[in-house]
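Participant: fold the following.
(one chain, ligands or ions: 1)
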Amino acid sequence: MARKVKADPSRQPFSYPLRRQFVEPDWKRLPGYKDVSQKDWESALWQRQHSVKNVKELKEVLGSFLTDDLSEEILRDQKERATMSILLPPQMINTMNADDLRHDPVRRYMLPIISDRHAEWPNHPKATRDSLHESEMWATEGLTHRYPTKVLAEMIATCPQYCGHCTRMDLVGNSVPQVQKHKFEHQPKERYEAMLDYLKKTPSVRDVVVSGGDVANVPIAQLEAFVCALMDLPNIKDIRLATKGLQGLPQHFLQDDVLKALDRIAKKAWERGVDIAVHTHVNHANQVTPLVAKAVKKLLEMGFRDVRNQGVLLRGVNTTANDLLELCFTLLDFGKIMPYYFYQCDMIPNSEHWRLSIHEARQLQHDIMGYLPGFATPRVTVDVPYVGKRWVHQLADYDKVKGVSYWTKNYRTGIEADDAEALTRRYEYYDPVYTLPPEGQEYWRKQLPKTAAHA
Ligand code: SF4
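Facilitator: This next block holds a predicted model:
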């Protein structure tokens, strides 16, 4: 006789199954897209040609959904705080709730407004451009060698969309009033050759993250040639292609020439015994749509080993356990995308309102355990400057009053070969000041004149 089951899902903090409908939001609800055909909507070229780059274009798309006060706030943010310019493909705009743009989670990270930022602490005193010091660790221009066996290859400094919280705000995208972007000095061909040459001479590296920017902006013939050249190096066993465009512009991955090139890459990887995967960056469940799932399915059918999600924890976007679980189950059930990491938002200028304290992130990790399969339970991770990724529970010490956590590491980055203390030093990471108790906030107020140069 069956025992009476007492696990009533309605009594769990998070209730599964999901209640959301998995449909492409109707773009015709937006005034600027009311006459757009399905053929145009599904064209990558049309999407790129109609990507929104300023408030005037946004107004043409959203009409009265974009109120004057919101327009003003976007303009002020672009002038006074933004570290990224506006670039939104129609696909991305269509995942926003036009009826409540002010509170919409996608708007909050793709299109920041001035009142989103924290009034007293928009910026942590220790925040820096290139907060992960990637360019210091370039082995060749754009090739960051931070970990012993893996490297990051930045092929390009542009993306099909620009995220407000971009970690690589130092280099990626167009200059904005607050940030003059750095530029690569060398031409792509020269840079790619130098990267390949370095990897050929460095057999300790087995794993290459091919990134940017976003690989969806690398001309597909160049991407294919580079990835195939990587696979010709016997030491390279793992390749991951990094693209948020898979979510922001899935149409790119559904073009014939792109599909054919990716198919050739997947076949070559299989023949050479190289694991090839795609890593994407989705921060809210509303952004996983049938078009995204269609592009993912093509990649998996070709033999890509996986499509994994590396999201970023952003306050007001995805920082409740329910938001995170909703996103992870939507990725898994509908998108066939593997939840993998959620990173703490990095300490770039003006990012404070998005960032969580370490103890908030630890609580989130606790609260999402046990719902998802173990292999799909994302690790909540912090990228500690000069250290690298660490699970949020791995800290060595934590001063909760000043909001300083201390971290250690077990390898040398590419710039520490002669640093005798690299493996014994404790490295610091900082909580947002406004999350600290009053005495902690007072401590940082007193530090301000001394540390302003870091901002
Ligand atoms: S897609 Fe990635 S690299 Fe491009 S702006 Fe967003 S976070 Fe930055």
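Participant: could you use CA atoms for every contact and neighbour count after this?
Facilitator: OK.
Participant: just the CA trace of the lowest-mean-pLDDT helix or strand in the chain, in CSV.
Facilitator: Ranked by mean pLDDT, DSSP states H and E, the weakest helix or strand in the chain is helix 438-451, scoring a mean of 87. Once non-C-alpha atoms are left out, helix 438-451 reads as follows in CSV (Å, rounded to 0.1, in the frame of the first residue of the first chain):
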residue,chain,number,x,y,z
PRO,A,438,26.7,52.1,11.4
GLU,A,439,30.2,51.8,12.8
GLY,A,440,31.4,50.1,9.6
GLN,A,441,29.9,52.8,7.5
GLU,A,442,31.6,55.4,9.7
TYR,A,443,35.0,53.6,9.2
TRP,A,444,34.6,53.9,5.4
ARG,A,445,33.5,57.5,5.6
LYS,A,446,36.8,58.3,7.4
GLN,A,447,38.8,56.4,4.7
LEU,A,448,37.3,58.3,1.9
PRO,A,449,39.9,61.1,1.5
LYS,A,450,42.7,58.6,1.6
THR,A,451,41.2,56.1,-0.9
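Participant: give me the buried positions along that helix.
Facilitator: Buried positions in helix 438-451, judged by neighbour count with 16 or more other Cα atoms under 10 Å: 440-441, 444.
Participant: same question, stretch 36-48
Facilitator: So stretch 36-48, judged by 16+ other Cα under 10 Å, has buried residues 41-44, 46-48.
Participant: from the stretch 351-455 of the chain, which residue is nearest to the ligand?
Facilitator: Among all residues of the stretch 351-455 of the chain, residue 351 sits closest to the ligand, at 12.7 Å; criterion: Cα to the nearest ligand atom.
Participant: now for that residue, how many residues are close by?
Facilitator: The local packing of residue 351 (other Cα atoms under 10 Å) involves 26 other residues.
Participant: for the protein, which helix is longest?
Facilitator: helix 256-272 (DSSP state H).
Participant: is the ligand contacted by stretch 249-258?
Facilitator: No. Residues of stretch 249-258 are not located near the ligand by Cα under 6 Å from any ligand atom, the shortest gap being 10.7 Å.
Participant: in three-state terms, label the closest residue to residue 42 other than its chain neighbours for me.
Facilitator: Leaving aside its sequence neighbours, residue 42 sits nearest to residue 251 (Cα to Cα, 6 or more residues apart in numbering; 5.7 Å). For residue 251, the assignment made with DSSP: H, G, I helix; E, B strand; the rest coil gives helix.
Participant: related to what we said a few turns ago, show me the buried residues of stretch 36-48 that map onto helices.
Facilitator: 41, 44, 46-48.
Participant: name the nearest of these relative to the ligand.
Facilitator: Of all these, the ligand sits closest to residue 48, with 14.6 Å by Cα to the nearest ligand atom.
Participant: wait, what's in contact with the closest one?
Facilitator: Residue 48 makes contact with 89, 160, according to Cα atoms under 8 Å, 6 or more residues apart in numbering.
Participant: make 564 the starting number, not 1.
Facilitator: Noted, 564 is the first residue going forward, which turns the last one into residue 611.
Participant: pLDDT wise, what is it at?
Facilitator: With respect to pLDDT, residue 611 scores 98.
Participant: and the residue nearest the centre of the chain, what is it in contact with?
Facilitator: With distances taken as Cα atoms, centre = their mean, residue 844 lies nearest the centre of the chain, 4.5 Å away. Applying Cα under 8 Å, 6+ apart to residue 844 gives the contacts 806-807, 810, 872-875.
Participant: I'd like the buried residues of stretch 599-611 as TSV, with distance to the ligand appended.
Facilitator: As requested, the buried residues of stretch 599-611 are exported to TSV (distance: Cα to the nearest ligand atom, whole Å):
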residue	distance to the ligand
604	21
605	20
606	20
607	16
609	19
610	16
611	15
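Participant: re earlier: the residue nearest to residue 605 contacts residue 606, doesn't it?
Facilitator: Yes. Look at residue 814 against residue 606 with Cα atoms under 8 Å: they come within range, at 6.0 Å.
Participant: quick check, residue 961 in a helix?
Facilitator: No. Remark: residue 961 does not belong to a helix; assigned using three-state DSSP, it is strand.
Participant: next, the buried residues of stretch 742-760.
Facilitator: 742, 744, 751, 754-755, 757-759.
Participant: just the contacts of residue 844 that are near the ligand?
Facilitator: Answer for the contacts of residue 844 near the ligand (Cα under 6 Å from any ligand atom): residue 807.
Participant: for the least confident helix or strand of the chain, name the packing helices and strands.
Facilitator: Contacts defined by 3 or more Cα pairs under 8 Å, 6 or more residues apart in numbering; DSSP states H and E place helix 1001-1014 against no helix or strand at all.
Participant: name the residues that touch it?
Facilitator: 688-689, 964-966, 996-997.
Participant: which members of the residues you listed occur in helices, if any?
Facilitator: Counting by DSSP H, those contribute nothing to helices.
Participant: adding distance to residue 716, write the buried residues of helix 1001-1014 out as a markdown table.
Facilitator: Below are the buried residues of helix 1001-1014 laid out as a markdown table (distance: Cα to Cα, whole Å):
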| residue | distance to residue 716 |
| --- | --- |
| 1003 | 39 |
| 1004 | 39 |
| 1007 | 36 |
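Participant: how's this protein carved up into domains?
Facilitator: Domain assignment for the chain, taken from automatic domain parsing, gives 577-679, 698-955.
Participant: how about the strands of the stretch 564-713 of the chain, start to end?
Facilitator: 701-703, 706-707, 713-717 (DSSP state E, counting those that start in this stretch).
Participant: which stretch among the ones you listed comes nearest the ligand?
Facilitator: Ranking the strands of the stretch 564-713 of the chain by proximity to the ligand (Cα to the nearest ligand atom) places strand 713-717 first, at 9.5 Å.
Participant: what's residue 670 in contact with, if anything?
Facilitator: Shown in contact with residue 670 (Cα under 8 Å, 6+ apart): 659, 664.
Participant: ok, it to residue 732 distance?
Facilitator: For residue 670, the distance to residue 732 (Cα to Cα, to the nearest Å) stands at 18 Å.
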